[in-house]
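*Asks:* Could you look at this predicted model? Sequence included:
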Amino acid sequence: MRRTKGLSLIALLAILVWSTLAGAVPKRKGDEKNQGKSLPGERYVRPTDPSLYVGADTCKTCHEDIFKSFENTPHWKTTFSKKGPEWQGCEACHGPGKAHVEGGGDVTKIFTFKNATAAEVSGRCLDCHEYGEEHANFARSQHNTNDVSCIACHSPHHAKESQFLLVEKQPELCYGCHTDIKQDFNRPFRHRVEQGLVECTDCHNQHGGFLNTQLRSTAAQDQVCFKCHTDKAGPFAFEHLPIKTEGCQSCHSPHGSTNPHLLKRAEVNLLCLECHTLAQDSSAPALPTFHNQSQKYQACTTCHVQIHGSNFDEFFFK
């Protein structure tokens, strides 16, 4: 009797869990009736009926130029590594083509990226590219929230950069939208982006992240600056607090500056005085009274040389 009751209870719990999960997951729209189409904002789900697919060779008969360019891309090899016609060739992205072919090339019978919304386009791409660290946060990215779809940067058919199928190489691709940043890399002191030594995506995750301006972070979850500037990373016994609270940008302009070391101010003293003032509500130590700021050519870092942090002195002396 007890054993029967125990099995019944387990079965009841299993049914409750299944029904809860079924209610939590949105109903999938990719059955055979919708011919591979999806509503705006929904993830594309592939119809599985093999009779709806015609194969890439059929597509080639009308779209030979596009087919040849697609045949030489990483997508071609990747799609044919999966099983099932819904994952292979042109129809892996455009959906089943039987209705399109039987309709004499009717574009309303197949999914075309040209007239699709950003949500529909990204939904198609993320059906394969949603996994992994690089694309996992695309839903929260600034690109996605501003209706910038995947094909705004990537071109499966006519890419100018083979590895990531970019429509334009960096940094020109990023400059297409971020025109205000381009001028910073023409300043006397700048990161060597236009020389090809650094790329925008070395510091920013264009597919989204958890930090401001979609900045990347190191393996230790520190600022991405420390990936190159390892000597500034610490940990230090005596830390310069702005680095931990506000980041490197509290003193430096990361893209470019007219001042050495990418500093925000031409004079180091003026930069330091933005925090180290005599104001009573300032959390930073006030400027000592014996420091005469009217003297020319002096800089705080003449004495406080370990300004990023020190293991020996709380005032960052050498």
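*Replies:* Looks like it came in fine. Numbers count the residues shown, from 1 in each chain.
*Asks:* Please make it C-alpha for all contacts and neighbour counts, starting now.
*Replies:* Noted.
*Asks:* hang on, isn't Pro85 packed against Pro50?
*Replies:* Yes - with contact taken as Cα atoms under 8 Å, Pro85 and Pro50 are classed as touching, separated by 6.4 Å.
*Asks:* Those two: which has the busier surroundings?
*Replies:* More neighbours surround Pro85 than the other of Pro85 and Pro50, with 25 against 13 (other Cα atoms under 10 Å).
*Asks:* quick one: contacts for that one?
*Replies:* 50, 53, 55, 91-92 (Cα atoms under 8 Å, 6 or more residues apart in numbering).
*Asks:* any chance of these in CSV, plus secondary structure, pLDDT and distance to Gln195?
*Replies:* Written out in CSV, the entries for these read as follows (DSSP: H, G, I helix; E, B strand; the rest coil; pLDDT from 0 to 100; distance: Cα to Cα, whole Å):
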residue, secondary structure, pLDDT, distance to Gln195
Pro50, helix, 90, 50
Tyr53, coil, 93, 47
Gly55, coil, 89, 44
Glu91, helix, 90, 40
Ala92, helix, 89, 38
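*Asks:* Buried ones among these?
*Replies:* Buried by 16 or more other Cα atoms under 10 Å: 53, 55, 91-92, out of the contacts of Pro85.
*Asks:* And the strands in the stretch 51-200 of the chain?
*Replies:* 189-190 (DSSP state E, counting those that start in this stretch).
*Asks:* Can you get me a residue count around the nearest residue to Lys82 once chain neighbours are set aside?
*Replies:* With Cα to Cα, 6 or more residues apart in numbering as the criterion, Lys82 has its nearest non-adjacent residue at 6.8 Å, and that residue is Gln88. Using other Cα under 10 Å, the number of residues around Gln88 comes to 22.
*Asks:* For stretch 189-202, buried residues please.
*Replies:* By 16+ other Cα under 10 Å, the buried positions in stretch 189-202 come out as 189-191, 193-194, 199-200.
*Asks:* Residues contacting it from elsewhere in the structure, which ones?
*Replies:* Against stretch 189-202 from outside (Cα under 8 Å, 6+ apart): 170-171, 174, 184-185, 216, 254-262.
*Asks:* If you rank the residues you listed by neighbours, which is first?
*Replies:* Looking at the contacts of stretch 189-202 with neighbours defined as other Cα under 10 Å, the largest count falls to Gly256 at 25 neighbours.
*Asks:* what ranges of the stretch 101-250 of the chain fall below the confidence cut-off?
*Replies:* Across the stretch 101-250 of the chain, the ranges flagged by pLDDT under 70 are 132, 219-221.
*Asks:* Specify which member of the buried residues of stretch 189-202 is nearest to Pro235.
*Replies:* Nearest to Pro235 among the buried residues of stretch 189-202, counting by Cα to Cα, is His191 at 24.8 Å.
*Asks:* Tell me how far the closest one lies from Pro260.
*Replies:* 12 Å (Cα to Cα, to the nearest Å).
*Asks:* where's the residue positioned nearest the centre of the chain relative to Glu134, distance?
*Replies:* The residue lying closest to the centre of the chain (Cα atoms, centre = their mean) is His207, at 2.1 Å. When distances are taken as Cα to Cα, His207 and Glu134 turn out to be 7 Å apart.
*Asks:* Ok, Thr61 next?
*Replies:* Thr61 is 36 Å from Glu134, where distance means Cα to Cα.
*Asks:* Can you pick out the residue with more neighbours from the two?
*Replies:* Just comparing Thr61 and Glu134: by other Cα under 10 Å the higher neighbour count belongs to Glu134, 14 against 10.
*Asks:* what's near enough to touch the more buried one?
*Replies:* Glu134 makes contact with 205, 207, according to Cα under 8 Å, 6+ apart.
*Asks:* same question, Val224
*Replies:* Val224 makes contact with 203, 215-218, according to Cα under 8 Å, 6+ apart.
*Asks:* Leaving out the residues flanking it, which one is nearest to it?
*Replies:* The shortest distance from Val224 to any residue other than its chain neighbours is 4.4 Å, reached at Ser217 (Cα to Cα, 6+ apart).
*Asks:* hang on, the earlier thing: out of the contacts of stretch 189-202, which are inside helices?
*Replies:* Within those, membership in helices is found for Cys174, as judged by DSSP state H.
*Asks:* of the contacts of stretch 189-202, closest to Asp106?
*Replies:* Closest to Asp106 out of the contacts of stretch 189-202 is Cys174 (35.3 Å), distances taken as Cα to Cα.
*Asks:* Now that closest one. Nearest residue, chain neighbours left out?
*Replies:* Beyond its immediate neighbours in the sequence, the residue positioned closest to Cys174 (Cα to Cα, 6+ apart) is Cys200, lying 7.7 Å away.
*Asks:* what about the one you found, distance to Asn137?
*Replies:* Plainly put, Cys200 is 18 Å away from Asn137 if you go by Cα to Cα.
*Asks:* How about Lys227?
*Replies:* Lys227 sits at a distance of 21 Å from Asn137 (criterion: Cα to Cα).
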